[in-house]
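Output the structure for:
(chains A, B, C and D)
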Protein chains: 2
Amino acid sequence: MKYLHAYSLIHDVARAGSIRKAAEDMNITSSALNRQLQRLEEEFGTQIFERLPRGVRLNPAGELLLQHVRSQSADLDRVRNQVADLSGERRGHVTIGCSQGLNPLFLPEQIARYRAKHPGVTFSVRLRDRAAAEHDLRTFSSDIALVFEPVHLVDFEILKAVPQPVCAVMAADHPLAQKPGLRLRDCLGLPHVIPTAEYGVRHLLELATRGKSRRLNPVIEADSFELMRRYVLYEKAICFQIPIGLQPGGDPRLVVRELDRRDLPVGMLLLGQLRGRTLPVASAKFAQQLAAALEAFD
Amino acid sequence: MKYLHAYSLIHDVARAGSIRKAAEDMNITSSALNRQLQRLEEEFGTQIFERLPRGVRLNPAGELLLQHVRSQSADLDRVRNQVADLSGERRGHVTIGCSQGLNPLFLPEQIARYRAKHPGVTFSVRLRDRAAAEHDLRTFSSDIALVFEPVHLVDFEILKAVPQPVCAVMAADHPLAQKPGLRLRDCLGLPHVIPTAEYGVRHLLELATRGKSRRLNPVIEADSFELMRRYVLYEKAICFQIPIGLQPGGDPRLVVRELDRRDLPVGMLLLGQLRGRTLPVASAKFAQQLAAALEAFD
DNA sequence: GACAGCGCTGCGAAAACTGCAGCATTGTGC
DNA sequence: GCACAATGCTGCAGTTTTCGCAGCGCTGTC
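As a prediction, the model looks like this:
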């Protein structure tokens, strides 16, 4: 679509950091691109880029304009989907950003169920930590986000919220596997494995140990939930995850036990979209389905 | 802005009803316009216009696209205003659609107060009946609407609602001017003047008399509230208006009396915008001021 | 102080667009 | 029933816009 040519113009130049680089990326001469930018700025009525000695950078007006053209482009996709929809095609594409914990179990099942009803709809799943998932909504890189304990919540319109208590996962023959009333201090006294700082579970663990004598002292800090689950089978360690990512009758060698809620606040898993945005039909429908499915965890 | 050239293309052609007419309106040849349309349709991927033997008409896809391109254009204005705002100019333009009753008194004062604070902001006031005011929001012809008893309320995001009882207005020496407990049937037994069908006051009067023996039997039906107010000074007639349009210590020759609420439901005056739309800074601020001012009538 | 990288600008070539004339089609009026 | 007017559409040639090339002045770097 020629009419949102401005999008790639602003976006690519801002990303490349200089007109010449951007021009090379898009296989035109820098002079052509330069003139396009000049024309755009003239039509818009203001400078969009700061000219620096080593290139260009978006100025505040440019940031606003970039956000506008992004939203415009996303909205045009929505219109396209609507048009396809009214011609009976039931096509569309859903982009969802979600925490790693959701990936192995919950999402595949949900996507499969949706595609069984609407085979014309395709999906992009983007693994994102909680901050990045929110950022993707703002830049229209994702339609919906499913995040455990989001960070900012500005511009985040909550479609569904379900509580998810942090659980300790350990080998079936772990000393704490049968102990009644599992406390956090018990876990931290033994070898434990925790997620890196981006993740909500880590955030809750930090909160819970702040000011306490028991400190987090992980033998492994990792950003792969699967790695952590597997590791506790080798060394007799404990890792921490949320129920939605754990198969109910999963690996019989693993034991999953909810931590005492006095120690650790119950985290919230939030399904959301960009505030005020009208989602494409397919994305909105899928979000509805997710919200319904999440009821089960309420 | 060249990048929303598509707007005038779709809009003008749809309005003119034929390519040749539209081409004449915009001072180009029909062939040129025809090719622009063809290119647009190709880029969009679908037909936008139905070709009829006597011209063209938007098809459903075209309607969707037109709505998109309208919203896009309005949003670009918003961005422009934001940019002007961050360069400290405090410029902007507010378009408000409102019922006739609001015009003489309430709005001028509010606009004056706003412009005293922000002289760079200009205003368009569009007198609209309640259906048209809502329609203008949808087509982005107005930013905000102030309507008595709106019709549809779909896509109408209520920013503020205040009750407005219908009042009878009559000459000071009218027989009913002093009668305690004014009933609607008293008024309808004497010469009365009522608004035309578009207006909310008329709507409430119709509702109140439906199924009753007393019928509306106006000596004048008019779409000018000022005319009606003036008329009751000549013939000893009664007209019906809402308090916000009536000066408290106004014309001493007029008496304003609230009708018994058993006869006539209290109407609602609603301040609203298009659902989900992000208003330009100036419009949003002005709407806030209006909402605050309407508190006085609550 | 040479140099590399940047944004920007004439100038001729290439591409895109416009205007003109004319085609086929369809509803209208006598 | 048939001329007629109005519509969308399409070659073709002229005009406008855009592009690529080369080169300028500038600035931070080694």
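
ok, and for the longest helix seen in chain A, which residues are buried?
Determined from DSSP state H, the single longest helix within chain A is helix A:60-86. Across helix A:60-86, burial judged by 16 or more other C-beta atoms under 10 Å in any protein chain shown covers A:61-62, A:64-85. Where you see a C-beta, it was placed from the backbone N, CA and C, and this is true even at glycine.

Give me the helices and strands touching that helix, please.
On a contact count with 3 or more C-beta pairs under 8 Å, 6 or more residues apart in numbering or on different chains; DSSP states H and E, helix A:60-86 meets helix A:5-16, strand A:92-98, helix A:281-294, helix B:60-86.

mind putting those in CSV, distance to A:I158 and mean pLDDT included?
Below are those laid out as CSV (distance: least, C-beta to C-beta, whole Å; pLDDT from 0 to 100):
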stretch, distance to A:I158, mean pLDDT
helix A:5-16, 29, 88
strand A:92-98, 15, 88
helix A:281-294, 10, 92
helix B:60-86, 24, 88
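
Give me the domain ranges for chain A.
A:2-65, A:92-164+A:268-297, A:167-265 (automatic domain parsing).

Throw those domains into TSV and include distance to DNA strand D, thanks.
Output for the domains of chain A, formatted as TSV (distance: least, C-beta to the nearest atom of the strand, whole Å):
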stretch	distance to DNA strand D
domain A:2-65	3
domain A:92-164+A:268-297	25
domain A:167-265	32
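
Most tightly packed of those?
Greatest average neighbour count among the domains of chain A goes to domain A:92-164+A:268-297 (a mean of 19), per mean count of other C-beta atoms under 10 Å in any protein chain shown.

Any idea how far apart the tips of it sit?
By C-alpha to C-alpha, to the nearest Å, the extent of domain A:92-164+A:268-297 from end to end equals 28 Å.

how about A:M170, phi and psi?
With angles defined as degrees, to the nearest 10, A:M170 sits at phi -150, psi 170.

who's it bridged to?
Beta-bridge partners recorded for A:M170 (DSSP bridges): A:I238, A:V255.

Look up how far A:G189 lies from it.
Separation of A:M170 from A:G189 (C-beta to C-beta, to the nearest Å): 13 Å.

you'd agree A:F240 is up against A:V169?
Yes. With contact defined as C-beta atoms under 8 Å, A:F240 reaches A:V169; the gap is 7.1 Å.

where in chain A is pLDDT low?
A:1-3, A:88-89, A:103-104, A:249 (pLDDT under 70).

Tell me where it has helices.
A:5-16, A:19-25, A:30-44, A:60-86, A:106-117, A:130-138, A:184-188, A:200-209, A:225-231, A:281-294.

out of the ones you listed, nearest to B:L271?
helix A:60-86 (25.7 Å; C-beta to C-beta).

Could you check the angle that closest one makes with helix B:60-86?
Relative orientation of helix A:60-86 versus helix B:60-86 (axes from the mean of the first three to the mean of the last three C-alpha atoms, to 10 degrees): 170 degrees.

about what we covered before: quick one: closest of the helices of chain A to B:V147.
It is, among the helices of chain A and with distance given as C-beta to C-beta, helix A:60-86, at 27.1 Å.

Specify the angle between that closest one and strand A:92-98 in degrees.
Relative orientation of helix A:60-86 and strand A:92-98, computed by the same axes, to 10 degrees: 130 degrees.

what's the angle from helix A:60-86 to helix A:130-138?
70 degrees.

Helix A:60-86 vs DNA strand C: in contact?
No. On the criterion C-beta under 7 Å from any atom of the strand, helix A:60-86 is out of touch with DNA strand C, staying 13.0 Å away.

and the domains of chain A as TSV, adding distance to B:L9?
Shown next, in TSV, are the domains of chain A (distance: least, C-beta to C-beta, whole Å):
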stretch	distance to B:L9
domain A:2-65	10
domain A:92-164+A:268-297	23
domain A:167-265	47
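
closest to B:L216 out of the ones you listed?
That would be, of those and by C-beta to C-beta, domain A:92-164+A:268-297, which comes in at 42.2 Å.

how far away is the closest residue to chain B within the stretch 151-298 of chain A from A:C98?
Nearest to chain B, among the residues of the stretch 151-298 of chain A, is A:G276, at 5.2 Å (C-beta to the nearest C-beta). Per C-beta to C-beta, A:G276 is found 21 Å from A:C98.

Residue of the stretch 101-250 of chain A closest to DNA strand C, please.
Using C-beta to the nearest atom of the strand, the single residue of the stretch 101-250 of chain A nearest to DNA strand C is A:T139, 22.4 Å away.

ok, A:H11 to B:K212 distance?
Using C-beta to C-beta, A:H11 is found at 65 Å from B:K212.

Quick check: the closest residue to A:S124 other than its chain neighbours vs B:G62, distance?
Leaving aside its chain neighbours, A:S124 sits nearest to A:T95 (4.3 Å; criterion: C-beta to C-beta, 6 or more residues apart in numbering or on different chains). In this view, A:T95 and B:G62 are 27 Å apart by C-beta to C-beta.

just A:L4 next, same as before
18 Å.

CSV for the helices of chain A, including distance to A:V151?
Below are the helices of chain A laid out as CSV (distance: least, C-beta to C-beta, whole Å):
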stretch, distance to A:V151
helix A:5-16, 24
helix A:19-25, 31
helix A:30-44, 33
helix A:60-86, 20
helix A:106-117, 21
helix A:130-138, 5
helix A:184-188, 23
helix A:200-209, 8
helix A:225-231, 19
helix A:281-294, 20
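
Next, see if stretch A:152-161 gets close to chain B.
No. Against chain B, stretch A:152-161 shows no contacts by C-beta under 8 Å from any C-beta of the partner chain, the least distance being 10.4 Å.

Ends of stretch A:163-183, what's the gap?
19 Å.

which residues touch it?
For stretch A:163-183, the surrounding residues in contact (C-beta atoms under 8 Å, 6 or more residues apart in numbering or on different chains) are A:148, A:186-187, A:190, A:201, A:204-205, A:228-229, A:232-233, A:236-244, A:246, A:252-264, A:266-269, A:297-298.

give the contact list for the closest residue to A:T29 other than its chain neighbours.
Among residues not flanking A:T29 along the chain, A:A23 sits closest, at 6.0 Å (C-beta to C-beta, 6+ apart). Taking C-beta under 8 Å, 6+ apart as the contact definition, A:A23 lies against A:T29, A:S30, A:A32, A:L33, A:N34.

close enough to count as contact, the second one and A:I19?
Yes. At 5.4 Å, A:S30 and A:I19 qualify as touching, with contact defined as C-beta under 8 Å.

before we move on, the earlier item: so which of the helices of chain A gets nearest B:L52?
helix A:60-86 (19.9 Å).

tell me the angle of the closest one relative to helix A:281-294?
Using the same axes, to 10 degrees: helix A:60-86 against helix A:281-294 is 90 degrees.

how far off helix A:30-44 does helix A:60-86 point, in degrees?
90 degrees.

Just checking the distance from helix A:60-86 to the centre of its chain.
On the basis of C-alpha atoms, centre = their mean, to the nearest Å, helix A:60-86 sits 20 Å off its chain's mean C-alpha point.

How about the contacts made by the closest residue to A:C98 other than its chain neighbours?
In this structure, A:C98 finds its nearest non-sequential neighbour in A:L146, 4.1 Å apart by C-beta to C-beta, 6+ apart. Counting by C-beta under 8 Å, 6+ apart, A:L146 touches A:I96, A:G97, A:C98, A:S99, A:L102, A:L107, A:A133, A:L269, A:L270, A:L271, A:L290.

Let's have those residues in a markdown table, adding distance to B:Q38.
What follows is the contacts of A:L146, written out as a markdown table (distance: C-beta to C-beta, whole Å):
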| residue | distance to B:Q38 |
| --- | --- |
| A:I96 | 37 |
| A:G97 | 39 |
| A:C98 | 42 |
| A:S99 | 47 |
| A:L102 | 46 |
| A:L107 | 43 |
| A:A133 | 42 |
| A:L269 | 50 |
| A:L270 | 46 |
| A:L271 | 43 |
| A:L290 | 41 |
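
Quickly check those for the two that are furthest apart.
Going by C-beta to C-beta, the pair spanning the contacts of A:L146 furthest: A:L107 and A:L270, at 14.9 Å.

what's the distance between A:E206 and A:A222?
Distance from A:E206 to A:A222, by C-beta to C-beta: 16 Å.
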